[in-house]
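K.L.:
sharing a sequence plus its predicted fold:
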Amino acid sequence: DAGVIQSPRHEVTEMGQEVTLRCKPISGHNSLFWYRQTMMRGLELLIYFNNNVPIDDSGMPEDRFSAKMPNASFSTLKIQPSEPRDSAVYFCASTPGLANNEQFFGPGTRLTVL
Amino acid sequence: GQQLNQSPQSMFIQEGEDVSMNCTSSSIFNTWLWYKQDPGEGPVLLIALYKAGELTSNGRLTAQFGITRKDSFLNISASIPSDVGIYFCAGQKGGSQGNLIFGKGTKLSVKP
């Protein structure tokens, strides 16, 4: 069975460029989560969706960050413009629903902003 | 924001040794989860706990949901080299469905 799929696995970009990270949740999962992981701050929840609707985006650091979930099988996290301090590993996770806390994580996208 | 205090931050293991780590919080949690992360991969769920006092095993791993609901423990018995990695606890508070708070992790390495 396919787990959570993320692309790209690695992204290197220059400051000021737009970055788009992609996620496909596990089929049948209705809740999707975006996290950022850094050495300093650990795993931080950025935003999560339920049935394609954003539920809580209080973790999104700035207006430069935006996320969408146009359908049940696809979500994007966009950073525009990117800055060096955005460098981190970004994870997507999914669960069957919000009542289920057992989140399954994707392999992550390692973002480096030069 | 809310923090989980996970300890130890790191530890060295020798094959065959038992390992213990824990997470504590000043708040009450309804759910405790333990994840393991290997280099270059996402966290993988090991054990989920849903009731105070619950003790659950997954192979050589055993985790407990503390009676006070403010802490959780993970034990690994008879460690093997593939146990190295970073272990994270995560908790979910009542009234915050979907919002997991993660500890900073315990890094397990092999003793030189």
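P.N.:
Perfect, I can see it now.

K.L.:
ok, the residue in chain A that chain B sits nearest to - contacts?
P.N.:
Chain B sits closest to residue A:105 of chain A, with a gap of 3.4 Å, by Cβ to the nearest Cβ. Glycine gets a C-beta too; all of them are placed from N, C-alpha and C. Residues in contact with residue A:105 (Cβ atoms under 8 Å, 6 or more residues apart in numbering or on different chains) are A:4, A:35, A:91-93, B:35, B:42-44.

K.L.:
so what's the residue sitting nearest the centre point of chain A scoring on pLDDT?
P.N.:
With distances taken as Cα atoms, centre = their mean, the residue of chain A nearest its centroid is residue A:34 (3.2 Å). If you check residue A:34, the pLDDT there is 97.

K.L.:
over to residue B:83?
P.N.:
At residue B:83, pLDDT is 94.

K.L.:
same deal with residue B:64?
P.N.:
pLDDT at residue B:64 comes out at 97.

K.L.:
mind checking how far it is from chain A?
P.N.:
Distance of residue B:64 to chain A, computed by Cβ to the nearest Cβ, to the nearest Å: 17 Å.

K.L.:
got it, and residue B:37?
P.N.:
The gap separating residue B:37 from chain A is 8 Å, by Cβ to the nearest Cβ.

K.L.:
equivalent analysis for residue B:51, please.
P.N.:
Taking Cβ to the nearest Cβ, one finds residue B:51 at 13 Å from chain A.

K.L.:
go ahead and confirm that residue touches residue B:66.
P.N.:
No. Assessed by Cβ atoms under 8 Å, residue B:51 is found out of contact with residue B:66, at 11.0 Å.
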